[in-house]
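Asker: Give me the fold of what follows.
(chains A and B)
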Amino acid sequence: MSKPTSVTPTGDTVRVTTHSGSVTVIGEDRPDILVEDDVDRIAAGADEVEIKSNSGSITVRCPVDTHVFAGTSSGSVSLQGHLGRVHVTSASGNITIAHVQSADARTNSGSIDVADCDGECRCRTPSGSIRIGRAGSVDLVAASGSVEGTAVGAATVHVGSGSVDLGIIELDRIEVDAHSGSVSITLPAGSHPATDLHAGSGAVRCDCTPGDNGAVRVTTGSGSITVTER
Amino acid sequence: MSDAGERSVGAIVFTDIVGFTEFTAAHGDAEALALLELQERLVRDALPTSARIVKDLGDGLMLWVPTAPLALSTCLDLLDQFAAATKAGTPLWVRMGMHWGSPSRRGDDLVGHDVNLASRIADSAGPGELLVSADAVHAAAEGLRALRCDELGPVVMRGIPDPVRLFRVSRA
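Answerer: Model (predicted):
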């Protein structure tokens, strides 16, 4: 049975990597960094703590708002509680993020789910869906999979094949490019954006009165485009 | 004549069109072919004379550039051109990965760990992105002065023994 190891933070950043296994990092009200599993290396540098395992899952508890670099080759990554700027990669596995200041999440095969991101949220997956609850702005790429953003600001979205559904909370610049798939965008009430909507084959519907309050540009090769107001 | 064992120190760059399979399914072979030809033409026009296309990889290209600063500036210029083509209506969603190393020569080809690593780096990028290894950042040194370089962290890649520190390089 593994014995937890407590580490005194030397800065505001932790780096957690394992080759095969899941990574869980929990930001909570505590002063130390607690590594719950046996790992191969724990190193406290000048301004960050590195936790590394060659194989096996890792669970780390750390202070609220800790910045996180987390990676695994084969396994899921889960960031829970409240964390700072996070950078997450998985070669093959899903990524789940609860509440962070900003996020960069990349998986080569798997879905990405971000519940709450105060600032920029950048996600990449070639095979899997992306779901964002709330984010200041989003830059999302899903080569084969759907994209859903419930409450987001400025948005850049690339989708190879899959639907896009965005709820915009503050109209800025919205750009969606899809090779195939329907695109649905819901804007705040009273929006008057400049629009540029192209569907290769599919219906285009825009309920907004055109203006210069923000911009919405959407292109899809096949599928419908719907832009509505709340 | 065999030149096995000889090495070519330099920047290894991979380009890859994101969503090419989906594009081909949606638009057909003729448009897909035109997309590939546009990518290759833009790359050939942008490459300095000291650099070269090592090989065609289907929906991507492998490049070799002799110095890291030159490789960075070439990649960023190319991304600008891919973005311009996309804006003009041709969805050239190209991602790029770069590593600095000394791959082995095999005829005109380059092979080895450094090549495999550069390929894996490109896999982690999104359209319009240039990701580079820490070795490439160190080799570029002064060439990065006017650029923005954001760390993505230690990235664990399939088949690569140790996590690799990656950086996202863009214009400042």
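Asker: Show me what from chain A comes close to chain B.
Answerer: Residues of chain A lying close to chain B (CB under 8 Å from any CB of the partner chain) are A:15, A:17-19, A:52, A:69-74, A:87, A:89-92, A:104, A:106, A:108, A:122, A:124, A:126, A:139, A:141, A:143-144, A:158-161, A:177, A:179-180, A:200, A:219, A:221-222. (C-beta placed from N, C-alpha, C; glycine too.)
Asker: Please check the residues you listed and keep the buried ones.
Answerer: The neighbour-count criterion (16 or more other CB atoms under 10 Å in any protein chain shown) marks A:15, A:17-19, A:52, A:69-74, A:87, A:89-92, A:104, A:106, A:108, A:122, A:124, A:126, A:139, A:141, A:143-144, A:158-161, A:177, A:179-180, A:219, A:221-222 among the residues of chain A next to chain B as buried.
Asker: So which of those residues are in strands?
Answerer: Residues of those located in strands (DSSP state E): A:15, A:17-19, A:52, A:69-74, A:87, A:89-90, A:104, A:106, A:122, A:124, A:139, A:141, A:143-144, A:158-161, A:177, A:179-180, A:219, A:221-222.
Asker: you'd agree residue B:35 is in a helix?
Answerer: Yes. Checked against DSSP: H, G, I helix; E, B strand; the rest coil, residue B:35 lies within a helix.
Asker: wouldn't it be in contact with residue B:23 here?
Answerer: Yes. Counting by CB atoms under 8 Å, residue B:35 does reach residue B:23; the two are 6.7 Å apart.
Asker: Show me where chain A dips below the pLDDT cut-off.
Answerer: Applying pLDDT under 70 to chain A flags the ranges A:1-2.
Asker: what do you get if the cut-off is 80, keeping everything else the same?
Answerer: Applying pLDDT under 80 to chain A flags residues A:1-3.
Asker: Chain B now?
Answerer: Those would be B:1-5, B:143, if you go by pLDDT under 80 across chain B.
Asker: Okay, strands next: where are they in it?
Answerer: Here chain B has its strands, by DSSP E, at B:10-17, B:52-56, B:60-65, B:94-101, B:104-106, B:109-111, B:130-133, B:147-155, B:164-171.
Asker: a markdown table for the ones you listed, including mean neighbour count?
Answerer: What follows is the strands of chain B, written out as a markdown table (neighbours: other CB atoms under 10 Å in any protein chain shown):
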| stretch | mean neighbour count |
| --- | --- |
| strand B:10-17 | 26 |
| strand B:52-56 | 16 |
| strand B:60-65 | 23 |
| strand B:94-101 | 27 |
| strand B:104-106 | 16 |
| strand B:109-111 | 16 |
| strand B:130-133 | 27 |
| strand B:147-155 | 18 |
| strand B:164-171 | 19 |
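Asker: Reformat the ones you listed into a markdown table and put distance to chain A next to each item.
Answerer: Output for the strands of chain B, formatted as a markdown table (distance: least, CB to the nearest CB, whole Å):
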| stretch | distance to chain A |
| --- | --- |
| strand B:10-17 | 10 |
| strand B:52-56 | 21 |
| strand B:60-65 | 13 |
| strand B:94-101 | 9 |
| strand B:104-106 | 25 |
| strand B:109-111 | 22 |
| strand B:130-133 | 9 |
| strand B:147-155 | 3 |
| strand B:164-171 | 8 |
